[in-house]
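Asker: quick one, structure for this:
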Amino acid sequence: MRIVFMGTPDFAAASLKRLIDEGFNVAGVFTQPDKPKDRGMKLATSPVKEIAQAAGIPVFQPVKMRDGTALEILKSLSPDLVVVVAYGRILPDDILAVPPKGTINIHGSLLPKYRGAAPIQWAVLNGDKMTGVSSMYLASELDSGDIIYTAETEIGEFETSGQLFERLRDLGAELLVKTVRDIEKGCAPRTPQDHSRATFAPPLTKDMCPINWSKTPREIIKHICGLNPWPVATAELDGSIFKIFGAEYTSGKTDKPAGMIVSADAKKGIEVACGNGETLLITRLQAPGGKQMAASDFLRGHPMSVYKEN
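Answerer: Modelled structure (predicted):
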């Protein structure tokens, strides 16, 4: 069975590598065009392109998907199946119609929950206890195709989006191998999604960064975890805007206004008042122009003022 793979970032590269390692016939790879990166603005290749080139697989990087170029390339490769993982492009219907065994996708949620660009981050932001990956057939509408398989996993209480991303990346690669094998055997199931239960996961923005201290400690901690590693939660502390990378629960109670510093202990961290009279402890942060570090280490050289009523 001839497979054409379409993907771009690390999440997709893991799936491509598993297909290659398992001996599947990957006839070609589509990935997004090389883009300028860092201060030197040198063109950087995608992780998927690096994996494909190392395996000697032809790589194609069409700028557009609807001008006929990508369609002709795909037809020339005569794929039986197209696999799409985090490609970053919407495929038109004429491309979806090329492979006789269909076009499938690995998505980082338990569909129909969290269709869209940032399913992993929103699962953390919303405080979900469970998430997973889904394999599905692609359809015209975003992430709406029939489900083939799903695999579930628990979300750790302090697990960041970045950490969960890595686990789902590997879980997705494993699920893809199972899916492709069963499609090849002709025994893969196909279950329509319940569209009435669909929720959406839009891209994250920097506007989401500021912490709303009027929320509960758990909501704030999930906000911090969900925005790590990007765009990163922020908070104003003692007159400066800090990036916040980690926090813990406390048993503390306070009548101080939400967002005020309750204590600043160089052995523990920065205790901040939340909106329900509880507190949380900031454990990792980054000062303006500084490096990420433990809050306790920062406090040793930079004491902070504790809120006192006038």
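Asker: now the most centrally placed residue in the chain: closest residue in space, sequence neighbours ignored.
Answerer: Computing the C-alpha centroid of the chain and ranking residues by CA atoms, centre = their mean puts Ile120 first, at 4.4 Å. Among residues not flanking Ile120 along the chain, Gly108 sits closest, at 4.7 Å (CB to CB, 6 or more residues apart in numbering). Using the backbone N, CA and C atoms, a C-beta is placed for each residue, glycine as well.
Asker: count of neighbours near that neighbour?
Answerer: When neighbours are counted by other CB atoms under 10 Å, Gly108 registers 25.
Asker: what's it sitting at in phi/psi?
Answerer: phi -80, psi 50 (degrees, to the nearest 10).
Asker: the residue nearest to the centre of the chain contacts Thr131, correct?
Answerer: Yes - using CB atoms under 8 Å, Ile120 is in contact with Thr131, at 7.3 Å.
Asker: residues that sit against both of these two, list them.
Answerer: Common neighbours of Ile120 and Thr131, counting by CB atoms under 8 Å, 6 or more residues apart in numbering, are 108-109, 164, 168.
Asker: between the residues you listed, which sits nearest Leu43?
Answerer: Nearest to Leu43, judged by CB to CB, of the shared contacts of Ile120 and Thr131 is Gly108 at 27.4 Å.
Asker: what sits against that closest one?
Answerer: By CB under 8 Å, 6+ apart, the contact set of Gly108 is 11, 114, 119-120, 131, 133, 165, 168, 172.
Asker: would you turn those into CSV with distance to Ala264?
Answerer: What follows is the contacts of Gly108, written out as CSV (distance: CB to CB, whole Å):
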residue, distance to Ala264
Phe11, 39
Tyr114, 37
Pro119, 37
Ile120, 33
Thr131, 35
Val133, 41
Phe165, 32
Leu168, 36
Gly172, 42
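Asker: filter those residues to the buried ones?
Answerer: With burial judged by 16 or more other CB atoms under 10 Å, the buried subset of the contacts of Gly108 is 11, 114, 119-120, 131, 133, 165, 168, 172.
Asker: the stretch 101-250 of the chain: strands as residue ranges?
Answerer: Per DSSP state E, counting those that start in this stretch, the stretch 101-250 of the chain carries strands over the ranges 103-107, 130-137, 147-154, 233-237, 240-253.
Asker: of all those strands, which one is nearest Val180?
Answerer: Of all the strands of the stretch 101-250 of the chain, strand 103-107 sits nearest to Val180, with 7.8 Å by CB to CB.
Asker: angle of the closest one against strand 147-154?
Answerer: Our comparison of strand 103-107 with strand 147-154, counting by axes from the mean of the first three to the mean of the last three CA atoms, to 10 degrees, yields an angle of 10 degrees.
Asker: next, the angle strand 130-137 makes with strand 103-107.
Answerer: 170 degrees.
Asker: what is the mean pLDDT for the single longest helix found in the chain?
Answerer: Assignment by DSSP state H gives helix 161-185 as the longest helix of the chain. For helix 161-185, the mean per-residue pLDDT is 98.
Asker: what helices or strands is it leaning on?
Answerer: For helix 161-185, the packing partners by 3 or more CB pairs under 8 Å, 6 or more residues apart in numbering; DSSP states H and E come out as helix 10-21, strand 81-85, strand 103-107, helix 119-125, strand 130-137, strand 147-154.
Asker: one more time with 10 Å, if that's ok
Answerer: Using 3 or more CB pairs under 10 Å, 6 or more residues apart in numbering; DSSP states H and E as the contact test, the elements touching helix 161-185 are strand 2-7, helix 10-21, strand 81-85, strand 103-107, helix 119-125, strand 130-137, strand 147-154, helix 217-226.
Asker: who wins for proximity to Lys243 among these?
Answerer: Nearest of the helices and strands packed on helix 161-185 (CB to CB): helix 217-226, 9.8 Å.
Asker: remind me what that closest one packs against, helices and strands.
Answerer: Counting by 3+ CB pairs under 10 Å, 6+ apart, helix 217-226 packs on helix 119-125, helix 161-185, strand 233-237, strand 240-253, strand 278-286.
Asker: looking at these, which is buried most?
Answerer: helix 119-125 (a mean of 24; mean count of other CB atoms under 10 Å).
Asker: and that one, how far from the chain's centre?
Answerer: 7 Å (CA atoms, centre = their mean, to the nearest Å).
Asker: just the CA atoms of that helix, as CSV, please.
Answerer: What follows is helix 119-125, C-alpha atoms only, in CSV (Å, rounded to 0.1, in the frame of the first residue of the first chain):
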residue,chain,number,x,y,z
PRO,A,119,-6.9,20.9,21.2
ILE,A,120,-4.0,19.9,23.6
GLN,A,121,-3.7,23.4,25.1
TRP,A,122,-7.5,23.8,25.7
ALA,A,123,-7.8,20.5,27.4
VAL,A,124,-5.3,21.7,29.9
LEU,A,125,-6.7,25.2,30.1
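Asker: tell me the mean pLDDT over that helix?
Answerer: Averaged across helix 119-125, pLDDT comes to 98.
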